[in-house]
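Student: Here is my input; please provide its structure:
(2 chains)
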Amino acid sequence: MRHRLALGAYLAAVVAATMIHDPLVLAIWLAAVLALAGRDLPHVLKRAVLSVLLFTGIVSVSYLALSLLEDRFSGRTLLLLNLRVLLLSSMTFLFARKADLFEAFGFSRSLRFLLVLVYGQTLLFRRLIRETREAFASRSIGRPGLLARYRRSAATGALLYEKSIRNAAESGQAMRSRGLFVD
Amino acid sequence: MHVPDGFITPKLYLPAYAVSAGLWGIALRRFRARLDEETLPRLAATTALAFVLMAIALPLPGGTSAHATGIALLALLFGVWSSFLAISLVLLLQAVLFGEGGITSLPVNALAMGLLGTSVAVLSFRLLRRIGEPVALFAAGWLALNVSAAATALVLGVQPAIARSAEGTPLFFPFGPEVVLPAVLIPHALLGVGEGLLTLFAYRIAKRVENR
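Tutor: You can find the predicted model right below:
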């Protein structure tokens, strides 16, 4: 129940943050979120900044350049955009850190099953990608050509497809054997 | 192309959620009738596949790389509605676990990539198949990526017009479509080449696996 309440609070906070257009209020809110993070502050802040840095950085620099050229620069606008994005990102990582996502979506049995299955499968697939990448590198003398790298990417995609079909069948059989699907 | 949180006004993302929710309902209904030991794990595996396909780096000339989306590949292998559900779940997990994309941009990303992109992939493949399967596969990949990127760019581009302060300054995203569209479409035209090639090679390998 606690995790579902956290999910509800998080979603409400996200919507509220997009309805506030005062940089000072957003800055205070951000400070409060970071204070709430407690010992997780370095983790939450680092992940929040890194996740938005590229896109927001490009938007900010482009806005700065274009608006100065057109003589319509607004520091308030730049501050508002960046504060909101950082606030939303921080709230997301704080929620992910403090709440159990699978418990939070426990209001729907099927959705929770799905998320658990997906997460488990994803971890397996990510390891598989890493292993195929390392295998390819270890079997290549010098830097492989563009076409070879594409073939490798495509073969990895197809391997994952085959794995996904087989894993789906295995998961289904495992679930049936544990009584999750009763005829 | 993932839009992070904070760049889309609630005037747009809240109705987008309403539309998406209706479409998720349709997609789930098609599944629920058959939601059993076969379809639930299959959807999970498809979603996981979508998740990791987006992690595959596509090498680009010049030594750089970009990430694939796998939209066309998923659509051609699993169909539009399954792919729409899978991609939506991926976007949710990416938003909450990894901070990629975001909760407010999720419905826009889901509609652009998961529905529009997959539909374009399937339609273009069916139309161009008569010319030749390799052309159809490549085109499906290229078009799925670029059409969904164009849709996302348009959504971003209208933000200054629909969400402004009393002084006329933008509240969410500061550029109009005349800036965003070329900024997004030019690099995606190049990325689409990689996506097309991935779709072509991976689809053929997957079909060989299925026919074994």
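Student: so A:V52 touches A:V85, yeah?
Tutor: Yes - with contact defined as CB atoms under 8 Å, A:V52 counts as touching A:V85 (5.1 Å). C-beta coordinates here come from the backbone N, C-alpha and C atoms, glycine included.
Student: you'd agree B:F84 is up against B:L23?
Tutor: Yes - under the criterion of CB under 8 Å, B:F84 is in contact with B:L23, at a separation of 7.0 Å.
Student: shared neighbours, the two?
Tutor: With contacts defined as CB atoms under 8 Å, 6 or more residues apart in numbering or on different chains, the residues shared by B:F84 and B:L23 are B:L115.
Student: So which of these two has more stuff around it?
Tutor: Each of B:F84 and B:L23 had its neighbours counted (other CB atoms under 10 Å in any protein chain shown), and the higher figure belongs to B:F84 (27 against 19).
Student: Let me know the distance separating the closest residue to that one other than its chain neighbours from B:V135.
Tutor: Of all residues beyond its chain neighbours, the one nearest B:F84 is B:G114 (4.2 Å), with distances taken as CB to CB, 6 or more residues apart in numbering or on different chains. Summarising the geometry, the distance separating B:G114 from B:V135, computed by CB to CB, to the nearest Å, is 25 Å.
Student: between these two, who's got more neighbours?
Tutor: Higher neighbour count among B:G114 and B:V135: B:G114, with 31 against 15, using other CB under 10 Å.
Student: Now for the more buried one: which residues touch it?
Tutor: Contact criterion CB under 8 Å, 6+ apart gives B:I71, B:S83, B:F84, B:L85, B:A86, B:I87, B:S88, B:L91 as the residues in contact with B:G114.
Student: Let's see that with 7 Å instead.
Tutor: Residues touching B:G114, when contacts are defined by CB atoms under 7 Å, 6 or more residues apart in numbering or on different chains, comprise B:S83, B:F84, B:I87, B:S88.
Student: What is the most widely separated pair among those residues?
Tutor: Spanning the widest gap among those are B:S83 and B:S88, at 9.4 Å by CB to CB.
Student: more crowded one of those two?
Tutor: Summary of the neighbour comparison: B:S83 and B:S88, criterion other CB under 10 Å, with B:S83 having more neighbours (31 against 24).
Student: The more buried one belongs to a strand, doesn't it?
Tutor: No - checked against DSSP: H, G, I helix; E, B strand; the rest coil, B:S83 lies outside a strand; its state is helix.
Student: How many neighbouring residues does the residue nearest to B:F78 when sequence neighbours are not counted have?
Tutor: Taking CB to CB, 6+ apart, and ignoring the residues beside it in sequence, B:F78 has B:T46 as its nearest neighbour in space, at 5.3 Å. Residues lying near B:T46 (other CB under 10 Å) number 27.
Student: which SSE is B:T46 in?
Tutor: Of the helices and strands defined by DSSP states H and E, B:T46 is found in helix B:39-53.
Student: quick revisit: touching both of A:V52 and A:V85, which residues are there?
Tutor: When contacts are counted by CB under 7 Å, 6+ apart, the set common to A:V52 and A:V85 consists of B:P4.
Student: ok, A:F125 touching B:V52?
Tutor: Yes - with contacts counted by CB atoms under 7 Å, A:F125 reaches B:V52, the gap being 4.1 Å.
Student: before we move on, back to that, who are the packing partners of the helix holding B:T46?
Tutor: If you count contacts as 3 or more CB pairs under 7 Å, 6 or more residues apart in numbering or on different chains; DSSP states H and E, helix B:39-53 packs onto helix A:109-138, helix A:146-177, helix B:71-78, helix B:80-93.
Student: out of the ones you listed, deepest packed?
Tutor: Among these, the stretch with the highest mean neighbour count (mean count of other CB atoms under 10 Å in any protein chain shown) is helix B:71-78, at a mean of 28.
Student: Find the nearest non-adjacent residue to the residue most central in space within chain A, please.
Tutor: Nearest to the centroid of the C-alpha atoms of chain A, with distances taken as CA atoms, centre = their mean, sits A:S51, at 8.3 Å. Using CB to CB, 6+ apart and skipping residues adjacent in sequence, the residue nearest A:S51 is B:G99, 3.4 Å away.
Student: Just the strands from chain B, written as ranges.
Tutor: For chain B, the strands defined by DSSP state E occupy B:57-59, B:65-67.
Student: Now the weakest link among the ones you listed, please, by mean pLDDT.
Tutor: Averaged per stretch, pLDDT over the strands of chain B is lowest on strand B:57-59, reaching a mean of 54.
Student: tell me which element A:V52 is part of?
Tutor: When secondary structure is defined by DSSP H and E, A:V52 falls within helix A:41-69.
Student: residues making contact with the helix or strand following that helix?
Tutor: Reading on from helix A:41-69 to the C-terminus, the next helix or strand found by DSSP H and E is helix A:75-98. Outside of helix A:75-98, the residues that reach it under the criterion CB under 7 Å, 6+ apart are A:6, A:10, A:13-14, A:17, A:21, A:23, A:26-27, A:29-30, A:33-34, A:36-37, A:40, A:43-45, A:47-48, A:51-52, A:56, A:60, A:63-64, B:4-6, B:95-97, B:99, B:102-103, B:169-171, B:174.
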